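Visitor: Please work out how this folds:
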Amino acid sequence: QLQLVESGGGLVQPGGSLRLSCAASGFTSDYYYVVGWFRQAPGKEREGVSCMSSTDISTYYADSVKGRFTMSRDNAKNTVYLQMNSLKPEDTAVYYCNAEIGLADYWGQGTQVTVSS
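Guide: This is a model prediction of the structure:
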């Protein structure tokens with residue numbers, strides 16, 4: 001059973017940076033997968049932030065984070081990262097890691113990111 005565990009959230013001032021991590025266990029990279037970051041702000045729907053597939057070298061970013069966020073992965077550690085720079089108050093949300101493998105959909109427990117002065 002695949003498990004995803006996020007870490008790295010916290011409180012940061014506007015303009016600051018954070019790096020989120022999502023570690024996967026019970027996972028084998030033999031299968032095609034899509035892994036991504038989503039976020040949900042209070043009173044809003046969950047939205048996609050960034051994603052990448054196991055075979056594609058390109059990465060998708062939501063328009064709201066392009067040029068500020070960078071998603072990367074370390075296959076040896078089964079971990080994906082989300083480097084968030086130039087953070088804005090509107091980036092405040094719970095950030096979730098998601099993995100789609102075949103018909104299965106997995107979510108982490110989420111990590112809170114708060115951008116406030």
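
Visitor: number of nearby residues for the residue nearest to residue 85 when sequence neighbours are not counted?
Guide: Once flanking residues are discounted, residue 85 sits nearest to residue 17: 4.7 Å by C-beta to C-beta, 6 or more residues apart in numbering. Glycine gets a C-beta too; all of them are placed from N, C-alpha and C. Counted with other C-beta atoms under 10 Å, the neighbours of residue 17 add up to 11.

Visitor: What separation do you get for residue 17 and residue 82?
Guide: 11 Å (C-beta to C-beta, to the nearest Å).

Visitor: Would you map the strands across this protein?
Guide: For the chain, applying DSSP state E gives strands covering 3-7, 10-12, 18-25, 33-40, 47-53, 59-61, 69-74, 79-84, 93-101, 104-107, 111-115.

Visitor: tell me the contacts of the residue lying closest to residue 24 once chain neighbours are set aside?
Guide: Leaving aside its sequence neighbours, residue 24 sits nearest to residue 78 (C-beta to C-beta, 6+ apart; 4.4 Å). Neighbouring residues of residue 78 by C-beta atoms under 8 Å, 6 or more residues apart in numbering: 23, 24, 25, 27, 29.

Visitor: And those, which is closest to residue 117?
Guide: Here the nearest of the contacts of residue 78 to residue 117, counting by C-beta to C-beta, is residue 23; it sits at 30.8 Å.

Visitor: Which residue would you name as the spatial centre of this structure?
Guide: residue 37 (2.8 Å; C-alpha atoms, centre = their mean).

Visitor: which residues does it contact?
Guide: Residue 37 makes contact with 20, 22, 48-51, 71, 80, 82, 95-98 under the criterion C-beta under 8 Å, 6+ apart.

Visitor: ChimeraX command to pick out the buried ones of those?
Guide: ChimeraX command restricting the contacts of residue 37 to the buried ones, with burial defined by 16 or more other C-beta atoms under 10 Å:
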select :20,22,49,50,51,71,80,82,95,96,97,98
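
Visitor: roughly how far apart are the residue nearest to residue 49 when sequence neighbours are not counted and residue 7?
Guide: Once flanking residues are discounted, residue 49 sits nearest to residue 37: 4.4 Å by C-beta to C-beta, 6+ apart. Using C-beta to C-beta, we find residue 37 at a distance of 13 Å from residue 7.
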